[in-house]
Structure formats: C-alpha cells, structure tokens
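Chemist: sequence and predicted structure below; questions after.
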Amino acid sequence: MFSIKNFLNLGYYTSELDKFLSEYAKKHPKLSVSQREEMEKHQRIAKGLQYGNDLEGRAQK
C-alpha cells in the first residue's frame, strides 16, 4: 500500500534535543547511581501497572 507519509519521509520526527540526548548516551554509556535508581523505580512502576492491568482483565472475564 502506498503511503504519502513515507514517500515524503514524514514517518517520524526527531527533535534536536532527542538527537543530542541520543549522542550523549552513546558517548557516556555508564549510568550514574541516581540514573540507575531512577530506571529501577520506573521499571517497578511499569511492572506494577502491568500487574494491575492483568488483574483488571481477569476481573472483567
């Protein structure tokens, strides 16, 4: 199927800030202690949300 967005190369937009952060992450791959803690916190939150959604789905059946 023909897509005008792909033809015009408009599939996605990457901001200058996103590009900068991506390059920075490549140059500085080791995370600080606070960055690791923040990632772990968000993983726990995401896992909890997933668990909550699973329970909600079971309750509706």
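Modeler: Happy to help now that I have it.

Chemist: next, residue 9: phi, psi?
Modeler: Torsion angles at residue 9 (phi, psi; degrees, to the nearest 10) stand at phi 60, psi 40.

Chemist: in stretch 45-56, what's buried?
Modeler: Judged by neighbour count (16 or more other Cβ atoms under 10 Å), stretch 45-56 contains no buried residues. C-beta here means a position set from N, CA and C on the backbone, and glycine is covered the same way.

Chemist: can you give me how far it is from the chain middle?
Modeler: 17 Å (Cα atoms, centre = their mean, to the nearest Å).

Chemist: can you pull out the helices in this protein?
Modeler: Applying DSSP state H to the chain gives helices spanning 4-7, 16-27, 33-60.

Chemist: lowest mean pLDDT across the ones you listed, which one is that?
Modeler: Here the lowest mean pLDDT among those goes to helix 4-7, at a mean of 74.

Chemist: name the helices or strands packed onto that one?
Modeler: When contacts are defined as 3 or more Cβ pairs under 8 Å, 6 or more residues apart in numbering; DSSP states H and E, helix 4-7 packs onto no helix or strand at all.
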